[in-house]
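K.L.:
This is a predicted model, with the sequence first.
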Amino acid sequence: SEDPKVYDMMSDADTVGVFQIESRAQMSMLPRLRPRSYYDLVIQIAIVRPGPIQGDMVHPYLNRRNGKEEVIYPSDEVKNVLERTLGVPIFQEQVMQIAQTLAGFTAGEADILRKAMGKKKRAELERQKERFVNGSIKNGIKKDLANFIFQKITPFAEYGFNKSHAAAYALIAYQTG
């Protein structure tokens with residue numbers, strides 16, 4: 001069973017020496033996110049990464065979590081992919097699932113997309129964007145929305161965490177705390 005005192009300590013950013021959440025960036029986020037459960041800690045660890053930060057996902061997540069902003073989804077089709085993270089992509093798998101759900105990518109194609117985003121090779125990324133947008137349009141998504149979603153998910157690929165990585169780090173962080 002989880003110890004609320006560990007989460008109190010984390011929420012106070014009293015985490016010097018605590019695995020993965022002792023950096024200045026993590027310590028400034030902890031009082032804002034205020035983790036109260038293991039899953040909150042998984043999100044805490046994953047959200048303080050360049051991908052979610054560059055994708056401007058931190059403030060929407062915090063605002064939605066704190067009831068200051070309505071939880072919305074870029075489209076109804078991706079609600080099940082983003083529901084647990086309040087409509088905000090936080091994990092690499094979500095980017096891949098969005099490509100599969102909206103644009104009809106296979107799992108293998110979604111992984112190629114993730115790798116292309118990470119390598120930042122403009123020509124390959126443009127091919128992937130065209131495939132994503134065209135696949136989304138074929139599935140009834142408006143072109144502007146498909147472009148917007150692609151733009152939002154692109155920063156995640158290189159600097160986002162996959163969920164299992166964040167979960168493993170969260171377990172060690174909790175145990176260290």
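P.N.:
Received the coordinates, thanks.
K.L.:
At the geometric centre of the protein, which residue do we find?
P.N.:
Compute the mean C-alpha point of the chain, and by CA atoms, centre = their mean the closest residue is I90, 0.7 Å away.
K.L.:
Just to check, that one is in contact with I43?
P.N.:
Yes. Counting by CB atoms under 8 Å, I43 is a contact partner of I90 at 6.0 Å. For glycine as for every other residue, the C-beta is placed from the backbone atoms N, C-alpha and C.
K.L.:
Quick one: list the elements packing against the longest helix along the chain.
P.N.:
Longest helix of the chain, by residue count under DSSP state H: helix 122-138. In this structure, helix 122-138 packs against helix 92-103, helix 107-119, helix 143-153, with contacts taken as 3 or more CB pairs under 8 Å, 6 or more residues apart in numbering; DSSP states H and E.
K.L.:
what helices or strands is the longest one leaning on?
P.N.:
Read it as helix 107-119. By 3+ CB pairs under 8 Å, 6+ apart, helix 107-119 packs against helix 92-103, helix 122-138, helix 156-159.
K.L.:
okay, these, which one's buried deepest?
P.N.:
Compared across the helices and strands packed on helix 107-119, helix 92-103 shows the largest average neighbour count, a mean of 23 (mean count of other CB atoms under 10 Å).
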